[in-house]
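K.L.:
Give me the fold of what follows.
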Amino acid sequence: MADPDGTDTTGSVPPTPAAAPAPATRTAEEPAAMASADKPTGKDAPRAAKAPAGKGGADKGATGKATASKGPPAKDRRASRAAEHPAVTIGSGIFTFLLLACVVGGLGFWWGERALTAPGPLTAEKTVMIPRGVGIAEMGELLERESVVRDARMFQIGKYVRQAEVKAGEYVFKPGQSIISVLDTLSSGKVVLHRVSIPEGLTSQQIVARLMENEMLSGTPAVPKEGTLLPDTYRVPRGYSREQLVQQMAEAQKKMLDGLWAKRDPSLPLKNPQDLVILASIVEKETGEADERNRVAAVFVNRLNKKMKLQSDPTIIYGIVGGKGSLGRPISRADINMPTAYNTYAIEGLPPGPIANPGREALAAVASPAKTNDLFFVADGTGGHAFAETLADHNKNVTRWRAIEAARSGGAPAAAPAPGGAAPAPLPAVPASPAPLPRAAN
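P.N.:
This is a model prediction of the structure:
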């Protein structure tokens with residue numbers, strides 16, 4: 001560029017720097033328009049109103065908007081803070097634990113139920129004795145040894161789970177019984193019952209001796225009074241007390257006797273139930289034939305009514321040996337003449353007590369004897385007896401019996417003894433043969 005005087009000044013004059021562009025400014029209408037654009041509507045209006053303001057005008061809104069966009073919404077922040085609360089953490093842990101416990105418990109219950117109900121290892125019926133006082137652990141081990149259960153510990157678990165009240169005793173277990181079934185068996189108390197048979201006609205001393213020989217029973221009982229026990233077959237568990245069994249027999253006899261005495265023939269020459277037992281014990285020892293007990297009873301009742309001596313051989317033996325029961329040899333003339341309290345050849349009427357323990361049939365026979373006029377009887381050689389109303393007929397029966405006895409022994413027949421009521425002829429000595437002494441009420 002040249003000065004007015006024509007001097008060229010282009011190179012010497014520095015160029016004037018360009019002016020910096022002025023910052024853009026909004027007109028009065030622009031802020032309003034922008035504010036209108038940024039203003040939230042509807043549900044968002046309250047939240048926007050709470051947004052923090054900037055330091056000036058439009059920039060304040062822009063700054064607030066930029067700040068809000070840097071983090072999660074307020075709702076998410078509140079949820080996050082709630083999730084981090086200790087109570088929530090503990091509750092979540094408890095829930096997880098309970099869930100796992102339910103799963104594990106369910107699996108354990110399923111497994112346990114299966115183990116308790118599964119068939120056992122026993123392949124054949126077996127009897128096992130569970131001793132008294134044994135603990136549940138020992139019981140389980142015993143059953144495992146006997147192959148009744150597979151696992152003694154599982155048996156214990158089953159016992160506590162079912163609260164089973166197991167009882168000692170001797171039990172029969174079936175093949176394949178499960179633990180639950182075994183516990184049911186042990187809780188039922190249905191132990192094995194063993195038969196203890198007491199024959200009719202034994203003395204009380206003999207009955208106690210017989211019980212002492214039975215190793216299945218326990219204890220030592222006292223010998224009860226003669227005639228107070230009822231011979232019968234009793235069913236008792238292993239280890240049953242002998243004293244208990246004796247008491248059971250006595251109670252059975254009393255019950256039986258009370259019933260028979262209440263229904264007895266009112267014409268009997270007996271004063272009380274004890275008299276009935278005494279006479280029944282004699283009948284019991286005189287015959288073992290059921291079909292003639294009533295007739296033998298009638299003979300003795302008829303003789304009592306006529307004030308005749310009973311003259312029963314078994315009373316001689318009891319008067320000599322008492323409760324021992326057996327003389328061990330044939331009756332001799334000296335035995336017949338021996339005066340004892342029980343010898344009905346020497347005393348009048350009934351002896352002072354029973355000579356044995358009669359059974360039901362003998363007691364019933366005396367309570368209701370046959371209606372006959374028989375006064376005598378003697379063995380007939382067949383196991384029974386020949387009965388007679390008169391002395392003459394009786395002597396004939398005795399003669400026949402002596403012939404049978406002599407034929408068995410190979411000797412000559414002996415003279416018949418004179419029965420009661422006739423002139424006392426000497427009684428012949430009883431032969432030493434094994435043939436029984438004639439059962440003659442003579």
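K.L.:
My read is that Phe377 contacts Val296, right?
P.N.:
Yes: contact criterion CB atoms under 8 Å: Phe377 and Val296 qualify, at 6.5 Å. The way it works is simple: take the backbone N, C-alpha and C, and place the C-beta from them, glycine included.
K.L.:
what residues do these two have in common as contacts?
P.N.:
His385 (CB atoms under 8 Å, 6 or more residues apart in numbering).
K.L.:
Need the mean per-residue confidence for stretch 244-259.
P.N.:
Averaged across stretch 244-259, pLDDT comes to 97.
K.L.:
for stretch 348-365, same thing?
P.N.:
For stretch 348-365, the mean per-residue pLDDT is 97.
K.L.:
In it, which residues are buried?
P.N.:
Using 16 or more other CB atoms under 10 Å as the test for burial, stretch 348-365 gives 350-351, 354-365.
K.L.:
okay, that stretch in CSV with CA atoms only?
P.N.:
Extracted C-alpha coordinates of stretch 348-365, given in CSV (Å, rounded to 0.1, in the frame of the first residue of the first chain):
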residue,chain,number,x,y,z
GLU,A,348,-63.4,-142.9,108.9
GLY,A,349,-64.5,-140.6,106.1
LEU,A,350,-62.1,-138.3,104.2
PRO,A,351,-58.4,-137.8,105.0
PRO,A,352,-57.4,-134.4,106.4
GLY,A,353,-56.2,-133.1,103.0
PRO,A,354,-55.8,-133.8,99.3
ILE,A,355,-53.3,-136.5,98.3
ALA,A,356,-52.5,-134.9,94.9
ASN,A,357,-53.6,-132.1,92.6
PRO,A,358,-56.7,-133.3,90.7
GLY,A,359,-57.4,-132.1,87.2
ARG,A,360,-60.6,-130.6,85.8
GLU,A,361,-62.3,-133.9,84.9
ALA,A,362,-61.8,-135.4,88.4
LEU,A,363,-63.1,-132.2,90.1
ALA,A,364,-66.1,-132.2,87.8
ALA,A,365,-66.7,-135.9,88.4
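K.L.:
Sticking with Met129, tell me its helix or strand.
P.N.:
Using DSSP states H and E, the element containing Met129 is strand 126-130.
K.L.:
Toward the C-terminus, what is the element adjacent to that strand?
P.N.:
helix 136-145.
K.L.:
so what secondary structure elements neighbour the next helix or strand after that following helix?
P.N.:
For helix 136-145, the succeeding helix or strand toward the C-terminus, using DSSP H and E, is helix 152-162. Under the contact definition 3 or more CB pairs under 8 Å, 6 or more residues apart in numbering; DSSP states H and E, helix 152-162 sits against helix 86-117, helix 136-145, helix 179-188.
K.L.:
Now the second one: buried residues?
P.N.:
This points to helix 136-145. Under the neighbour-count criterion of 16+ other CB under 10 Å, helix 136-145 has 139-144 buried.
K.L.:
Please tabulate those residues in TSV, including the columns distance to Met154.
P.N.:
Shown next, in TSV, are those (distance: CB to CB, whole Å):
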residue	distance to Met154
Met139	13
Gly140	8
Glu141	12
Leu142	14
Leu143	11
Glu144	9
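K.L.:
As CSV, could you dump the C-alpha coordinates of the helix or strand containing Leu260?
P.N.:
Secondary structure assignment for Leu260, by DSSP H and E: helix 242-262. Included here for helix 242-262 are C-alpha records, laid out as CSV according to Å, rounded to 0.1, in the frame of the first residue of the first chain:
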residue,chain,number,x,y,z
ARG,A,242,-41.6,-120.4,88.3
GLU,A,243,-43.2,-118.6,91.2
GLN,A,244,-45.4,-116.7,88.8
LEU,A,245,-46.4,-119.9,87.1
VAL,A,246,-47.2,-121.6,90.4
GLN,A,247,-49.4,-118.6,91.3
GLN,A,248,-51.1,-118.8,87.9
MET,A,249,-51.9,-122.4,88.5
ALA,A,250,-53.3,-121.6,91.9
GLU,A,251,-55.5,-118.9,90.5
ALA,A,252,-56.8,-121.2,87.8
GLN,A,253,-57.6,-123.9,90.4
LYS,A,254,-59.5,-121.5,92.6
LYS,A,255,-61.5,-120.1,89.7
MET,A,256,-62.3,-123.7,88.5
LEU,A,257,-63.2,-124.8,92.0
ASP,A,258,-65.5,-121.9,92.7
GLY,A,259,-67.5,-122.5,89.6
LEU,A,260,-67.8,-126.3,90.2
TRP,A,261,-68.8,-125.8,93.9
ALA,A,262,-71.6,-123.4,92.9
